[in-house]
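**Student:** Could you work out the structure for the sequence below:
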Amino acid sequence: MARVEPKEAFSSQKLPLLTEGSPRRVGDLGMTGHPYFVKSLGPFHLPPPEDLKPFCDTMVGRLDTWPAHSRAAASKDCRHLALVTDRRAVTAEEAKGRRSPPGRKPQLLDRLEKRLRRELQALDCSQVVPSELRLQAHREVFESLIDEFKTYRPLLSSIKNEYEMMLAHKDESIRQLEPLKQMLVNLSDQFDQQIVQMREQEKEEVRALKKDREHLLRRIEGHKDNEHALDMQVNKLKEELEKEHKLFRDECDARKLLITDINTLRYQQEDIDLLQDQGKEGDDAHQQEDPVVLRIALKKAREDLSETASRLNQMQAEYHDVVPRRDLEDVRRQLDELQAIVGQAKADQARVEAEHRALQDVHEKVVAQRDEFYLKVEELKRNAAYKPQLDKLAARMPGGTDRWKAISAGKNTEQIVEALLIELAGAGTVDEQDSEFLPALELGEEAPAYLVGDETVRNRRFHKRDVVLGIRDIWSDKLVSDAERASEERVPLRDFLALYLDRKFPDKHMAYEYVRNLFAGIHAFAHVPVVDVFQAVFKHELDEELFHHQLQLIQQLMQRLQTESEAMAREDSLPGNAFKDVLRDHLKGRAEDDIQQLVDDALIQLKASRDADIPYPELFTEDADGNHGLFLNTLKRQDKDARENYVNQILATIDTSRESVRPGELKKAITLVDPHIDASHMNRYLRWVYRDAGDNVDAAKPIDRSSLVNRLNSTLVHMHHKTEAKAKAALS
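**Tutor:** Next up, the predicted model:
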């Protein structure tokens with residue numbers, strides 16, 4: 001235990017003066033203080049000063065450790081002095097065998113230990129186990145120890161308070177977990193009972209299944225026996241069937257032979273009857289023909305009949321696909337009629353196709369003229385619009401007609417409108433814009449340090465192009481800086497602007513002058529879209545992720561078109577069908593009408609016909625003010641419509657009777673509309689909407705519906721699909 005020794009405690013610890021030997025100052029040995037006399041025993045060296053601590057009575061408030069042991073480093077060529085209990089200086093060899101008793105305890109340590117023992121004995125807490133009573137006794141002793149140290153009391157009290165606060169926090173956590181522990185025990189008992197019941201049910205089911213199995217096994221054995229008996233019957237019936245089939249075949253052969261014999265006998269009988277009839281009907285003058293001659297004639301007739309039958313079969317085989325001439329002439333006549341009808345139809349079709357091609361040509365010319373007239377109308381709307389009678393504003397302006405004449409003298413309509421926008425934006429009058437110096441800004445407490453200052457700076461008179469170029473340079477540097485960061489979280493624009501100024505302008509005054517002029521230009525040209533977006537992101541009115549999302553959408557579409565162009569071996573151009581297919585494939589989820597609208601706007605912007613190739617790089621250009629063309633404006637408008645539709649679906653699921661919305665209600669509504677959203681996007685939505693509450697979103701105050709709509713529309717929200725959620729889960 002460290003303690004502070006009073007000044008008087010060191011006065012009695014000085015070594016006695018030695019009478020023999022020559023005086024030698026301690027400074028010669030690396031020590032400072034009064035001289036000591038060393039006996040003539042040889043070249044002895046005293047211990048280092050940090051061990052003996054000479055003249056400690058002059059050091060007030062120094063901590064001394066107990067027990068204190070002073071040891072000097074041993075050396076082969078020198079001997080050392082040691083101070084023994086009787087306050088005599090002897091050599092280290094003489095005191096080597098002696099064992100120095102422990103030093104005297106400090107009084108404060110002795111008193112505190114006795115008090116602690118008394119408290120523990122009084123509280124019956126002598127056993128070293130965790131106990132509140134032991135803790136209280138040690139706490140009181142430690143407070144007494146702190147009171148004794150006047151110098152270190154604040155630090156020790158702060159340390160003690162931190163420990164006390166942490167102990168109180170842990171006790172509170174334990175008290176909060178006690179009901180959960182009891183509930184866990186109850187749930188464990190309930191689940192154990194349910195497990196026991198389920199096991200009993202499973203045992204009953206197992207017994208029932210075993211009985212069913214035995215019954216089914218018996219039935220299977222019975223079926224096997226029946227099957228064996230049936231197999232035996234089938235084999236027996238097969239043998240009987242073979243015998244019956246053999247008998248039937250023999251009978252059939254005998255029947256055929258019998259029929260042949262009967263037919264032969266019938267033919268013979270018919271021949272005999274025919275000969276007898278011819279003999280009876282013949283003339284008596286003729287002699288009856290010989291039967292042998294008749295038999296020969298019959299044989300010859302049968303041979304002729306056979307030959308005729310064979311020739312007839314041969315003719316049928318050779319001329320089975322031949323038609324009669326009459327049928328051929330009828331078919332030819334019908335074919336001529338049909339050919340005449342088809343020729344007339346072909347002539348009519350050719351005439352109709354020619355008329356159709358002529359109509360297509362006329363239609364293409366009309367469409368081209370329509371597109372040309374539309375572009376002319378749009379050009380006239382932009383450039384040849386009706387000049388308003390701006391002189392009527394003179395009566396309503398501060399300063400009257402004189403002020404109006406001062407700001408409109410020698411300026412065209414565009415310059416007059418710029419001056420009016422400056423007046424309406426509150427960036428000061430035109431005279432102040434033309435003044436030599438800019439006045440000091442009136443900023444709130446949340447203003448960044450690089451905008452705070454009372455000095456006046458020179459007015460550089462930034463034009464609109466200067467402001468746009470400055471903003472582009474800031475965004476470009478920020479994109480590079482965010483890409484080089486190890487974490488995915490972006491640096492806020494306010495914080496990055498300070499780094500940007502330090503890197504661009506080493507001189508603080510130059511940086512302050514530049515940023516003051518830049519923000520004066522931003523305030524004056526807030527109506528320009530690029531400037532308005534930068535100002536909204538800087539004021540935390542617009543989520544920076546939304547700006548980067550639109551930028552990435554345009555860049556990825558440009559890269560996709562370039563890849564398709566290289567695959568088709570074309571240089572910075574695509575056919576209309578290929579251009580439409582790339583849009584449909586890249587912008588998945590967009591309706592077909594939206595894709596067709598993008599194609600039509602691209603043709604209108606390029607002043608091209610539908611059959612011509614589309615030079616897509618010209619669609620991604622912008623003017624000096626940072627404004628995009630018709631194609632990119634339509635692309636961003638469709639993306640904005642999709643986000644607004646998503647927000648409207650969320651609002652539709654929230655109870656309309658409630659004027660304010662809590663974080664839990666918004667989270668539930670988002671989950672109902674977008675069930676595949678992950679935790680990171682959900683937390684980002686909630687932190688942006690309830691950004692006034694910081695990181696503790698659950699404890700945020702509810703906000704009204706109008707503020708909810710504005711904040712959801714000012715951040716990047718979109719519908720998450722199932723495939724996207726699976727891909728992110730696989731990646732994580």
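**Student:** So which elements touch the biggest helix by length in the chain?
**Tutor:** Ranked by residue count under DSSP state H, the longest helix found in the chain is helix 153-281. Helix 153-281 sits against helix 132-148, helix 291-318, with contacts defined as 3 or more Cβ pairs under 8 Å, 6 or more residues apart in numbering; DSSP states H and E. The way it works is simple: take the backbone N, C-alpha and C, and place the C-beta from them, glycine included.
**Student:** so which of those is the most packed in?
**Tutor:** The highest mean neighbour count among the helices and strands packed on helix 153-281, using mean count of other Cβ atoms under 10 Å, belongs to helix 132-148: a mean of 14.
**Student:** ok now that helix, how far from the chain's centre?
**Tutor:** Offset of helix 132-148 from its chain centre (Cα atoms, centre = their mean, to the nearest Å): 55 Å.
**Student:** That helix to helix 153-281, inter-axis angle?
**Tutor:** Helix 132-148 runs at 130 degrees relative to helix 153-281, counting by axes from the mean of the first three to the mean of the last three Cα atoms, to 10 degrees.
**Student:** low-confidence ranges in this protein?
**Tutor:** Filtered on pLDDT under 70, the chain yields the residue ranges 1-103, 278-289, 382-435, 437, 439-446, 693-694, 721-732.
**Student:** sec struct for Arg347, please.
**Tutor:** If you look again at residue 347, you'll see it is Ala, not Arg. helix (DSSP: H, G, I helix; E, B strand; the rest coil).
**Student:** show me what contacts it?
**Tutor:** Remark: with contacts taken as Cβ atoms under 8 Å, 6 or more residues apart in numbering, Ala347 is in contact with nothing.
**Student:** picking up where we left off before, quick one: closest of the helices and strands packed on helix 153-281 to Asp189.
**Tutor:** Among the helices and strands packed on helix 153-281, helix 132-148 comes nearest to Asp189, with 30.1 Å by Cβ to Cβ.
**Student:** Please work out which residues outside the closest one touch it.
**Tutor:** Residues beyond helix 132-148 that count as contacts (Cβ under 8 Å, 6+ apart) turn out to be 108, 112, 115-116, 119-120, 123, 125, 128, 152-153, 156-157, 160.
**Student:** Mind checking which of those are buried?
**Tutor:** Neighbour-count burial (16 or more other Cβ atoms under 10 Å) applied to these gives Leu108, Leu112, Leu116, Glu119, Leu120, Cys125, Leu156.
**Student:** Those: which two are farthest apart?
**Tutor:** Looking at the buried ones among the contacts of helix 132-148 by Cβ to Cβ, the two members farthest from one another are Cys125 and Leu156, with 24.0 Å of separation.
**Student:** May I have the phi/psi pair for Arg458?
**Tutor:** For Arg458, the backbone dihedrals (degrees, to the nearest 10) come out as phi -70, psi 140.
**Student:** now swap in Ser660 and tell me
**Tutor:** When quoted as degrees, to the nearest 10, the phi and psi of Ser660 stand at phi -120, psi 160.
**Student:** residue contacts, the closest residue to it other than its chain neighbours?
**Tutor:** In this structure, Ser660 finds its nearest non-sequential neighbour in Pro702, 3.7 Å apart by Cβ to Cβ, 6 or more residues apart in numbering. The neighbourhood of Pro702, defined by Cβ under 8 Å, 6+ apart, consists of Ser660, Val661, Arg662, Pro663.
**Student:** Can you add distance to His363 and give those back as TSV?
**Tutor:** Compiled in TSV, the contacts of Pro702 are given as follows (distance: Cβ to Cβ, whole Å):
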residue	distance to His363
Ser660	58
Val661	54
Arg662	59
Pro663	58
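**Student:** hmm, which of the residues you listed are the buried ones?
**Tutor:** Applying 16+ other Cβ under 10 Å to the contacts of Pro702, the neighbour count classes Val661, Arg662, Pro663 as buried.
**Student:** mind listing what the second one touches?
**Tutor:** This points to Arg662. Contact partners of Arg662, counting by Cβ under 8 Å, 6+ apart, are Pro702.
**Student:** Quick check: it vs Ala699, distance?
**Tutor:** With distances defined as Cβ to Cβ, to the nearest Å, the gap from Arg662 to Ala699 amounts to 10 Å.
**Student:** Asp678 against Thr671, yeah?
**Tutor:** No: the pair formed by Asp678 and Thr671 falls short of the contact definition of Cβ atoms under 8 Å, at 11.2 Å.
**Student:** and Tyr616, how many neighbours?
**Tutor:** Burial of Tyr616, expressed as a neighbour count using other Cβ atoms under 10 Å, amounts to 22.
**Student:** which residue packs closest to it, ignoring adjacent ones?
**Tutor:** Spatially, and ignoring its direct neighbours in sequence, Tyr616 is nearest to Leu561 (4.7 Å; Cβ to Cβ, 6+ apart).
**Student:** what residues are up against the one you found?
**Tutor:** Taking Cβ under 8 Å, 6+ apart as the definition of contact, the neighbours of Leu561 are Leu574, Phe579, Val582, Tyr616.
**Student:** of all those, which two lie farthest apart?
**Tutor:** Within these, two members stand farthest from each other by Cβ to Cβ: Val582 and Tyr616, at 8.8 Å.
**Student:** any shared contact partners between those two?
**Tutor:** Common neighbours of Val582 and Tyr616, using Cβ under 8 Å, 6+ apart, are Leu561, Leu574.
**Student:** Show me where the protein has its strands.
**Tutor:** Using DSSP state E, the strands of the chain run over residues 3-4, 23-24, 36-37, 44-45, 63-64, 79-83, 89-91, 437-438, 457-458, 660-661, 703-704.
**Student:** so what's Asp704 up against?
**Tutor:** Taking Cβ under 8 Å, 6+ apart as the contact definition, Asp704 lies against Glu659, Ser660, Val661.
**Student:** Let me have those residues in JSON lines, adding distance to His138 as columns.
**Tutor:** Compiled in JSON lines, those are given as follows (distance: Cβ to Cβ, whole Å):
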{"residue": "Glu659", "distance to His138": "56"}
{"residue": "Ser660", "distance to His138": "51"}
{"residue": "Val661", "distance to His138": "52"}
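**Student:** Out of the residues you listed, which is nearest to Leu217?
**Tutor:** Leu217 has its nearest neighbour among the contacts of Asp704 in Val661, at 67.4 Å by Cβ to Cβ.
**Student:** And for Arg684, the neighbour number?
**Tutor:** Other residues within reach of Arg684 by the criterion other Cβ under 10 Å amount to 15.
**Student:** which residues touch it?
**Tutor:** Going by Cβ under 8 Å, 6+ apart, Arg684 touches Glu545, Thr715.
**Student:** how about a cut-off of 10 Å?
**Tutor:** With contacts taken as Cβ atoms under 10 Å, 6 or more residues apart in numbering, Arg684 has the following neighbours: Asp543, Glu545, Thr715, Leu716, Val717.
**Student:** Repeat that for Glu489.
**Tutor:** With contacts defined as Cβ under 10 Å, 6+ apart, Glu489 is in contact with Asp482.
**Student:** That one and Ala498, how far apart?
**Tutor:** Here Glu489 is placed at a distance of 17 Å from Ala498 (Cβ to Cβ).
**Student:** hang on, the earlier thing: what's the PyMOL syntax to select whichever of the contacts of Leu561 are buried?
**Tutor:** Only the buried members of the contacts of Leu561 enter the following PyMOL selection, criterion being 16+ other Cβ under 10 Å:
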select buried, resi 574+579+582+616
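**Student:** Select from the contacts of Leu561 every entry located in helices.
**Tutor:** Taking DSSP H, the ones among the contacts of Leu561 that sit in helices are Phe579, Val582.
**Student:** Check the contacts of Leu561 against Asn226 and report the nearest one.
**Tutor:** Each of the contacts of Leu561 was scored against Asn226 by Cβ to Cβ, and Val582 proved nearest at 72.4 Å.
**Student:** In this structure that closest one contacts Ala602, no?
**Tutor:** No: at 11.4 Å, Val582 and Ala602 do not qualify as touching, with contact defined as Cβ atoms under 10 Å.
**Student:** so what sits against both of Arg662 and Ala699?
**Tutor:** With Cβ under 10 Å, 6+ apart applied, the overlap between the contact sets of Arg662 and Ala699 consists of Tyr690.
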